[in-house]
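**Q** What shape does this take:
(one chain, ligands or ions: 2)
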Amino acid sequence: MKTQVCIIGGGPSGLMLSQLLHLKGIETIVLERQSREYVLGRIRAGVLEHGFAKLMREAECGERMDREGEIHEGFYIAHDGIMDRVDLHKYSGGNSVVVYGQTELTRDLYEARDKMNGIVIHNVEDVKLHDLKADKPHVTYRQGDEVKRIDCDYVIGADGFHGVSRKSIPADVLKEYEKVYPFGWLGVLSRTKPVNDELIYAKHDRGFALCSLRSQVLSRYYIQVPLTDNVEDWSDDAFWDELKRRLPTEVAGRLETGPSIEKSIAPLRSFVAEPMRYGNLFLAGDAAHIVPPTGARGLNSAASDIYYLYHAMMDHYLNGDDTGLEQYSQKALARVWKAQRFSWWMTTMLHTFPDNIEYDQRLQEIEMEYLFSSEAAQSSLAENYVGLPF
Ligand code: FAD
Ligand code: DHB
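**A** Residues are numbered from 1 along each chain as shown. Ligands and ions are numbered 1, 2, ... in the order given. Okay, here's the model as predicted:
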């Protein structure tokens, strides 16, 4: 088989790029290791930057998001028994975020690909990238006993943190930066009315908690847990009890509980791989960088990579201009590192660190005090949360 751009990974990054390029007449094939049902069963992100929402519309996939997604103009930080509101709209010059689940967004992208007869091949095994430094690289994969080959101009590594693409770059070319946090987030999805109209990030001595939502009948909650905990250690009742303890009394009092329909633990990690280009391979999304979830930057950082790649590919194929491709890694990484900084800052301010000394705790407290006493500090939070410009 032949195509112009072979995309490894059928998550949001890969599907979005495939859809955007197809609309410009550029051919792609997407290779996905899992079945579609499996990909759509993963519960992940819920908060989209306004720039991401714009890209979904440009990909002609924004209709359901605009109908069913919620526009949020602020969120709360609960601390010391009180709730302080961050006015995103006021402090970001009129911007907001869209609360719309990654699962729904991925479903919309798959449907759009189907409608345009886009090629997405599922259940591929042993994906291997070849001749990445040559003019014409190729990709091989196995389906059952058959090994197949795709010849292309470019390979996009959008296969997430555990994918094969990043690992195909020689170790002496790649510099990896990593920070592992000593805790994870235990997340629960439940068919209950959200406790609040807007998200609540809660700082508490017992650990961080987050009240989020997917719709007015579907809630998503998280609590900070030690890395040693397993999902099986947490009954639904134990989860709700612990969540309540970490929320202001008034909020805990109106929390509607119910059976969990999904429960999982995600470790918190920061990771960046540089550069994001090797020959004709371009990395995008979680394949190149991971942030701790605090501040909802992960999926949004993937979207900015896709924005840069989409424009670079258009310039190459439609205008014969390779500047965008040449500058991709540098441009993408500049924004990625800003998302790293912001996620690190939010994580550090809101979590309980097991090895913190009293001095660190005082700094955490003063960070919060400063935030809500300074309009400049709230503007900084707001401009990062709604998304820095691409
Ligand atoms: P992925 O979604 O990981 O997709 C990669 C795809 O590649 C997968 O489908 C995988 O099966 C496939 N693949 C892997 N290896 C291969 C292979 N060898 N061959 C072929 N295919 C392969 N981000 C936010 O912006 N906001 C949030 O609110 C937010 N909340 C989160 C909450 C949780 C609990 C978690 C875990 C993450 C959250 N994130 C959030 C992060 C966000 O989910 C990710 O950044 C996003 O999924 C990245 O998309 P991606 O397409 O780059 O990678
Ligand atoms: C969600 C996840 C986040 O990491 C975040 O900062 C906000 C919301 C969520 O899954 O809804």
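
**Q** Which parts of the stretch 1-150 of the chain are helices?
**A** 12-23, 36-41, 50-58, 63-68, 88-91, 102-115 (DSSP state H, counting those that start in this stretch).

**Q** The last one: which residues count as buried?
**A** Residues Gln102, Thr103, Glu104, Leu105, Thr106, Arg107, Asp108, Leu109, Tyr110, Ala112, Arg113 are the ones in helix 102-115 that count as buried (16 or more other CB atoms under 10 Å). Any C-beta I mention is one placed from the backbone N, CA and C, and that applies to glycine too.

**Q** Distance of Lys128 relative to ligand 1?
**A** 9 Å (CB to the nearest ligand atom, to the nearest Å).

**Q** And Glu375, by the same measure?
**A** 26 Å.

**Q** measure that residue to Asp87 for me?
**A** To Asp87, Glu375 is 10 Å away according to CB to CB, to the nearest Å.

**Q** same thing with Leu363?
**A** 25 Å.

**Q** How about His351?
**A** 24 Å.

**Q** Those two: which has the busier surroundings?
**A** His351 (22 against 14; other CB atoms under 10 Å).

**Q** Could you pull up phi and psi at the more buried one?
**A** phi -100, psi 160 (degrees, to the nearest 10).

**Q** Enumerate every residue touching Ile119.
**A** Residues near Ile119 by CB atoms under 8 Å, 6 or more residues apart in numbering: Thr3, Thr28, Ile29, Val30.

**Q** now do Phe161
**A** So Phe161 contacts Phe271, Asp286, Ala287, Ile290 (CB under 8 Å, 6+ apart).

**Q** can you check Val164 too?
**A** By CB under 8 Å, 6+ apart, the neighbours of Val164 are Ile8, Val127, Lys128, Leu129, Gly157.

**Q** Turn these into JSON lines, including distance to ligand 2 and pLDDT.
**A** Output for the contacts of Val164, formatted as JSON lines (distance: CB to the nearest ligand atom, whole Å; pLDDT from 0 to 100):
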{"residue": "Ile8", "distance to ligand 2": "25", "pLDDT": "98"}
{"residue": "Val127", "distance to ligand 2": "29", "pLDDT": "98"}
{"residue": "Lys128", "distance to ligand 2": "33", "pLDDT": "98"}
{"residue": "Leu129", "distance to ligand 2": "31", "pLDDT": "98"}
{"residue": "Gly157", "distance to ligand 2": "24", "pLDDT": "98"}
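
**Q** how about those residues, which pair is most distant?
**A** Lys128 and Gly157 (12.4 Å; CB to CB).

**Q** who's more crowded, those two?
**A** Gly157 (30 against 13).

**Q** in terms of contact, does that one touch Asp286 like I think?
**A** No - between Gly157 and Asp286 there is no contact under CB atoms under 8 Å: 10.2 Å.

**Q** who in the stretch 151-300 of the chain is up against ligand 2?
**A** The stretch 151-300 of the chain comes close to ligand 2 at residues Leu199, Ser212, Arg220, Pro293, Thr294, Gly295, Ala296, as judged by CB under 6 Å from any ligand atom.

**Q** Could you rerun that using 8 Å?
**A** 185, 187, 199, 201, 210, 212-214, 220, 222, 293-296, 298 (CB under 8 Å from any ligand atom).

**Q** any idea which of the buried residues of helix 102-115 is closest to ligand 2?
**A** Gln102 (8.0 Å; CB to the nearest ligand atom).

**Q** Give me the longest helix you can find in the chain.
**A** As assigned by DSSP state H, the longest helix anywhere in the chain is helix 323-350.

**Q** next SSE after it?
**A** helix 358-371 (DSSP states H and E).

**Q** List the contacts of the next helix or strand after that following helix.
**A** Using DSSP H and E, the next helix or strand after helix 358-371 towards the C-terminus is helix 375-386. With contacts defined as CB under 8 Å, 6+ apart, helix 375-386 is touched by 49-50, 75, 86-88, 90-93, 95-97, 295-296, 338-339, 342, 370-372.
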